[in-house]
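Undergrad: here's my sequence, what's the structure:
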Amino acid sequence: MRNGHRPLLAASAIAVVTTGLAYFFGPGAAPADSESRKPASSGRETAGASASGRAAAGKSATGRGTTGKSAPEPCRMSAAFPKRQLRGVWIATVHNVDWPSKTGLTPARQQAEYVRILDQAVKLRFNAVFVQVRPASDAIYKSPYEPWSQWLTGTAGKDPGWEPLPFLIAEAHKRGLEFHAWFNPYRAADKADAKLPAGHPARQHPDWVVKHEGKLYYNPGLPEVRAHTVKVVTDVVQRYDIDGVHFDDYFYPYPGKGTKFADAAAFTKYGDGKSLANWRRDNVNKLVAEVGKAVHTAKPYVKFGISPFGIWRNKSDDPSGSDTKGLSAYDAIYADARAWIKARSIDYVMPQLYWPRGFAAADYAKLVPWWAKAVKDTGVHLYVGQALYRVGAEDTPAWARPGELPAHLTLNRKYPEVGGDVYFSAAQLARNPLGVLDAIAKDHYTRPALLPLMEARGGAAPATPVGLRRSGDTLVWRSSPGARAYAVYRVTDGDAGPCATADAGGLLAVVPAAEGAEQSYPVKDGGTYLVSALDRLTNESPPASTVLP
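TA: Model prediction:
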């Protein structure tokens, strides 16, 4: 359901409007300044975590300390310059949608293509990538459990001659991009009659799989399948320096030709008196909980999130559902995102809101507030999956307008729960349909942004940088132990107290930490410069400051 293959359902009674390959593609006037622009669940910082980022933790609007005799005045933060905001892009490997562009490329060509994608993302001031490392029970890395992906060489199981994942991660980190490893939990093979490589789990355990409408799926109802998926994910978390684990919207198969999914034997064995629908949802819920626990046990700082189909349930079927008339993920593919949110099984939810404003069956303007309410006060972060691939599509008038997608970001500002956006997909970065990315960079991403602070994942702010000084045309400071990056601010027209760094109005760059005893950033203009240190979760230190003429 990516690369133009997302289900766009006008109503539950009509067929999925898509151009095929749905089996493979998962992830698809500004308000006045206000202190509420720091996302309630994704952008706040605890008192004491950051002297530069506190909006109302004992500091006045001018940056002076309070006496304790009166309530502090909050810093005013501009909605146009959010300090913390996820800005990501999906990089799909299946069917060579994004990377590599085709099979059989040399390692050098594959590397060059990937670096080009990252450089495009950095130019747009993005700060995260979601890279598909397990398209269909195969691997874009050297796995002890599953074969090499056919999308690297053209032949499933064939060694590509290099180990991609360490390179993919290192190049992202070098550019200040968070790296999320994207897995699909239930795909087993592209075709049900495909010749699987020796050692493929589906060959070793034919009882795990279900042939369904020409595809091969692992049976979600089997504990052995859940255990295998958890093992595969845990292996990647333990061996690679990833920042997050990501699932897309594929759970039980999307409705296709109406064929029944052949899991009756598993239901008989494990159903435990539940209805078939509730049992299937419970199977998915168990997997999500088990993966989340395994990820956080292996490395507590690694995030786990899911990008579900954009409609949980319709109000016509459930009073707590959204005012929509499309496919219900809860009922059709047994994905109960609201249950994951309530159980805190996930760190973030990223619904794929791939419809324009005013679309009768699934109105973007109605779905954003529904999801904002779903995460409110839960601690689960909310990011929005945006349909960059739909921009310019002639089948929907709204998508033919270059202002539609930027308007989504403007609307998001009304809901502090929305902590950012991720775009499907990377191939569109170079195409820049209707110039929409230029408009987003100009009107929404005019400054860099720190990643949302996920307090549940822990971490601690590094020490404030010391030795901040100018050396020629370079700002120099000593490295802070444990710092993953540094935020560089410049103030020219007012107080340089804590409120000066409450939003990104003065944020010049988030500089990835370099090896060595000193860090640097090029400067040419005068003003007050402030530099703070960030750990890998972007916990921020109080800043050091210096005045340059």
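
Undergrad: CA atoms for contacts and neighbours, from now on please.
TA: OK.

Undergrad: and residue 279, how many neighbours does it have?
TA: 18 (other Cα atoms under 10 Å).

Undergrad: residue 391 too?
TA: Neighbours of residue 391 (other Cα under 10 Å): 23.

Undergrad: number the chain from 614, please
TA: New numbering, starting at 614: the last item is residue 1004.

Undergrad: is it true that it touches residue 1013?
TA: Yes: at 6.4 Å, residue 1004 counts as touching residue 1013 under the criterion of Cα atoms under 8 Å.

Undergrad: buried residues in the longest helix seen in the chain?
TA: Of all segments of type helix in the chain, defined using DSSP state H, the longest is helix 889-911. By neighbour count with 16 or more other Cα atoms under 10 Å, helix 889-911 contains the buried residues 892-901, 903-909.

Undergrad: now it - C-alpha only, PDB.
TA: What follows is helix 889-911, C-alpha atoms only, in PDB (Å, rounded to 0.1, in the frame of the first residue of the first chain):
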ATOM      1  CA  LEU A 889     -12.700 -15.200  15.700                       C
ATOM      2  CA  ALA A 890     -12.300 -11.400  15.400                       C
ATOM      3  CA  ASN A 891     -11.400 -10.900  19.000                       C
ATOM      4  CA  TRP A 892      -8.900 -13.800  18.900                       C
ATOM      5  CA  ARG A 893      -7.200 -12.300  15.800                       C
ATOM      6  CA  ARG A 894      -7.000  -8.900  17.500                       C
ATOM      7  CA  ASP A 895      -5.600 -10.500  20.600                       C
ATOM      8  CA  ASN A 896      -2.900 -12.300  18.500                       C
ATOM      9  CA  VAL A 897      -1.800  -8.900  17.100                       C
ATOM     10  CA  ASN A 898      -1.900  -7.200  20.500                       C
ATOM     11  CA  LYS A 899       0.200 -10.000  22.000                       C
ATOM     12  CA  LEU A 900       2.800  -9.600  19.300                       C
ATOM     13  CA  VAL A 901       3.000  -5.800  19.700                       C
ATOM     14  CA  ALA A 902       3.300  -6.200  23.500                       C
ATOM     15  CA  GLU A 903       6.000  -8.900  23.200                       C
ATOM     16  CA  VAL A 904       8.000  -6.900  20.700                       C
ATOM     17  CA  GLY A 905       7.800  -3.700  22.700                       C
ATOM     18  CA  LYS A 906       9.000  -5.500  25.800                       C
ATOM     19  CA  ALA A 907      11.800  -7.300  24.000                       C
ATOM     20  CA  VAL A 908      13.100  -4.100  22.400                       C
ATOM     21  CA  HIS A 909      13.100  -2.100  25.600                       C
ATOM     22  CA  THR A 910      14.700  -5.000  27.600                       C
ATOM     23  CA  ALA A 911      17.500  -5.300  25.000                       C
END
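
Undergrad: run through who's touching it.
TA: 833-834, 839, 842-843, 846-847, 850-851, 858, 864, 880, 884, 915-917, 943-944, 947-949, 952-953, 958-959 (Cα atoms under 8 Å, 6 or more residues apart in numbering).

Undergrad: how far does it sit from the chain's center?
TA: 19 Å (Cα atoms, centre = their mean, to the nearest Å).

Undergrad: can you give me how far the helix or strand following that helix is from the chain middle?
TA: Counting by DSSP states H and E, the next helix or strand C-terminal to helix 889-911 is strand 916-919. Computed by Cα atoms, centre = their mean, the chain-centroid distance of strand 916-919 equals 8 Å.

Undergrad: quick one: whichever helix or strand comes after strand 916-919 to chain centroid distance?
TA: Where DSSP H and E defines the elements, the next helix or strand beyond strand 916-919 is helix 942-945. Helix 942-945 sits 22 Å away from the centroid of its parent chain (Cα atoms, centre = their mean).

Undergrad: so residue 1147 sits against residue 1094, correct?
TA: No: using Cα under 8 Å, residue 1147 makes no contact with residue 1094, being 10.2 Å away.

Undergrad: local confidence estimate at residue 808?
TA: Here the pLDDT value assigned to residue 808 is 91.

Undergrad: now do residue 735
TA: pLDDT, read off for residue 735, is 98.

Undergrad: name the nearest residue to it, sequence neighbours excluded.
TA: residue 788 (7.1 Å; Cα to Cα, 6 or more residues apart in numbering).
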